[in-house]
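# fold the following and give me the result.
(chains A, B, C and D)
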2 protein chains.
Amino acid sequence: MVRPVKKKQIPNLQEAIKETAWKQIAEFGTPALSLRAIARELKITAPAIYNYFPDRDALVTALIIDAYTSFGDSQIEARDAVKGDNDLARLLAIGLAYRNWAHTHPQRYQLIFGTPIPGYEAPKMEVLPSAARSLSALVSIVEKLRVAGKLKITTFPRVKKEYQESFEIWKKYGGDADLLSMSVAMIIWSRVHGIVSLEIANNLPPFGSNGDELYMYEMNSIAKQFFTE
Amino acid sequence: MVRPVKKKQIPNLQEAIKETAWKQIAEFGTPALSLRAIARELKITAPAIYNYFPDRDALVTALIIDAYTSFGDSQIEARDAVKGDNDLARLLAIGLAYRNWAHTHPQRYQLIFGTPIPGYEAPKMEVLPSAARSLSALVSIVEKLRVAGKLKITTFPRVKKEYQESFEIWKKYGGDADLLSMSVAMIIWSRVHGIVSLEIANNLPPFGSNGDELYMYEMNSIAKQFFTE
DNA sequence: CACTGTAAATATACAGTGTTTATTTACTCT
DNA sequence: AGAGTAAATAAACACTGTATATTTACAGTG
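Here you go, the predicted structure:
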């Protein structure tokens, strides 16, 4: 047997490969990702995968983009779930959703923000649209608060000139916003990421009865330092 | 030829293996670490390594402990280089040394705090002594400031009961300190790690002409929020 | 000095990986 | 009906970590 008839083939093999990849990542961890193992489970041969992804890194890139999209969805949902005009409540909702998503999908989180794949480096330009979108919820709220005059700070270290250009690309996919807002969003992100990444790597003991009090403390610090009311 | 005479052997092969490992990590990145490649460079066979490390993970663990030690050295040096009794200056010195070490040895930083080795998970109990020591400089200064009455805050989320025990072990290697001081040290650590890990993974554009102004901003925020004077 | 036991290296082999090449087949279009 | 194309397989290559058996260099002892 060389090639099964279409009826016995898996429809939408491209999607099936990604699904199987996620399944195996969830079960055996990100670094155990193996093309041959995926092929085995799908009952195809390994080189068949090359019809859908030029190499393993391309598959990883596709997974990362999917992860960013899922992550971004949860951020945007959290923002839009808050009714009324309390944008500080929205900021908090986004922050909680961030940690929640990371704890629900620790492997995906590490896939995006860590470097768990041997020799893999993400191709910036391919990933950027979904990456920018995933942080757009945070940026949009900081920007709204700034426009409403609720941003406490007015000056901030500026990004190096040669990088301001990449901010422009960022805006294209992450939504327009003032440079100040984007910078504040980034420092908020760095704080949130600091806690979450240490938690996920098991380097932080859980503070509070549910392990989330340290995080709430930090959410509060952020609100107090950067915003009024 | 089966076994070279001693004169032609490499003295202290255990150290030589680690050195070669670091060399290759620096050159080709952490995930490319390969026992066979190390053996090739040392002109021995791969199984010979097993006389010194039971498996690849044991070698990685040894590397991690060395990295923690080097990192801890730089932290302690930075603390002790500040003369006089200005402990806030010491805190800043430690913070700057943190970022500096990470940028000088990005692969070591990722080796310690990321998860760049396929399938590897650090054995907590083996690594803890050097890990605890590496943060002891920060803890000691926070504790000094607390004793001097310069700690602004007096309450903080408490660590889950079942984890307070691990804090006790921590004290054994990281120096005695109040639980409050250790908790404050941890949140400071999480903020610093947040920025540095994003910087190293190339996920943050450089703020300021030298790329360090965002970090200075954060150092300032920490000092202002947690300490007086 | 000869002998023996041990420790450290090699040689070989196994199962796994990503990837390349050539080949075969199923399906589509003219 | 026949030709062309796309998608799969088969086989092979160069790697990887690791286990086993074997060989050898050296240290210690009678």
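# use CA for all of it now, contacts and neighbours both
Will do.
# packing partners for the lengthiest helix in chain A?
The single longest helix within chain A, with elements called by DSSP state H, is helix A:56-81. In terms of contacts (3 or more CA pairs under 8 Å, 6 or more residues apart in numbering or on different chains; DSSP states H and E), helix A:56-81 is packed against helix A:13-28, helix A:87-104, helix A:106-113, helix A:124-147.
# same question for the first one, mean pLDDT?
Averaged across helix A:13-28, pLDDT comes to 94.
# is any part of that helix close to DNA strand C?
No - Helix A:13-28 is not in contact with DNA strand C by CA under 7 Å from any atom of the strand; minimum separation 10.1 Å.
# buried set for that helix?
A:17-18, A:20-22, A:24-26 (16 or more other CA atoms under 10 Å in any protein chain shown).
# ok, now the second one?
Buried positions in helix A:87-104, judged by neighbour count with 16+ other CA under 10 Å: A:87-88, A:90-99, A:101-103.
# which other residues reach that helix?
A:71, A:74-76, A:78-80, A:82, A:108-109, A:137-138, A:141-142, A:144-145, A:192, A:196, A:200, A:219, A:223 (CA atoms under 8 Å, 6 or more residues apart in numbering or on different chains).
# do the third one as well
Residues outside helix A:106-113 that contact it (CA under 8 Å, 6+ apart): A:25-26, A:29-30, A:64, A:67-68, A:102, A:116-117, A:200, B:198, B:201.
# dump stretch A:206-219 to PDB, restricted to CA.
What follows is stretch A:206-219, C-alpha atoms only, in PDB (Å, rounded to 0.1, in the frame of the first residue of the first chain):
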ATOM      1  CA  PRO A 206       2.200  30.400  46.100                       C
ATOM      2  CA  PHE A 207       1.300  33.400  48.100                       C
ATOM      3  CA  GLY A 208      -2.100  33.500  49.800                       C
ATOM      4  CA  SER A 209      -4.500  30.600  50.300                       C
ATOM      5  CA  ASN A 210      -5.200  30.300  46.600                       C
ATOM      6  CA  GLY A 211      -1.800  31.400  45.400                       C
ATOM      7  CA  ASP A 212      -3.200  34.500  43.800                       C
ATOM      8  CA  GLU A 213      -2.800  37.100  46.500                       C
ATOM      9  CA  LEU A 214       0.700  38.100  45.400                       C
ATOM     10  CA  TYR A 215      -0.800  38.700  41.900                       C
ATOM     11  CA  MET A 216      -3.600  40.700  43.300                       C
ATOM     12  CA  TYR A 217      -1.100  42.700  45.300                       C
ATOM     13  CA  GLU A 218       0.800  43.500  42.100                       C
ATOM     14  CA  MET A 219      -2.400  44.400  40.100                       C
END
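# contacting residues around it?
Contacts of stretch A:206-219 (CA under 8 Å, 6+ apart): A:92, A:95, A:191-192, A:195, A:199, A:205, B:157-160, B:163.
# tell me how many other residues surround A:Pro47.
A:Pro47: 14 surrounding residues under other CA atoms under 10 Å in any protein chain shown.
# which pLDDT value belongs to it?
A:Pro47 is assigned a pLDDT of 96 by the prediction.
# secondary structure class for it?
helix (DSSP: H, G, I helix; E, B strand; the rest coil).
# how much space between it and DNA strand C?
According to CA to the nearest atom of the strand, to the nearest Å, A:Pro47 stands 5 Å off from DNA strand C.
# touching, A:Ile222 and A:Ser190? I think so.
No - using CA atoms under 8 Å, A:Ile222 is not in contact with A:Ser190; the gap is 11.3 Å.
# residue nearest the centroid of chain A?
A:Tyr68 (4.1 Å; CA atoms, centre = their mean).
# for that residue, give me its contacts.
Contact analysis of A:Tyr68 by CA under 8 Å, 6+ apart lists A:112, A:130-131, A:134.
# can you check the pLDDT for it?
So, for A:Tyr68, pLDDT stands at 97.
# state the pLDDT value of A:Phe113.
Looking at A:Phe113, its pLDDT stands at 88.
# tally of neighbours for it?
Neighbourhood size, A:Phe113 [other CA under 10 Å]: 18.
# how about A:Met182?
Counted with other CA under 10 Å, A:Met182 comes out at 23.
# state the distance from it to B:Ser197.
19 Å (CA to CA, to the nearest Å).
# before we move on, back to that, neighbour count: A:Ile222 and A:Ser190, which is higher?
The neighbour comparison of A:Ile222 against A:Ser190 (other CA under 10 Å) goes to A:Ser190, with 24 against 17.
# list the single closest residue to that one in space, sequence neighbours excluded.
Closest residue to A:Ser190 apart from its sequence neighbours, by CA to CA, 6 or more residues apart in numbering or on different chains: B:Gly194 at 4.7 Å.
# could you say which helix or strand contains that neighbour?
If you go by DSSP states H and E, B:Gly194 is part of helix B:179-200.
# show residues contacting that helix.
A:113, A:187, A:190-195, A:197-198, A:204, B:95, B:99, B:102-103, B:106, B:110, B:138-139, B:142-143, B:146, B:154-156, B:158, B:204-206, B:215, B:218, B:222.
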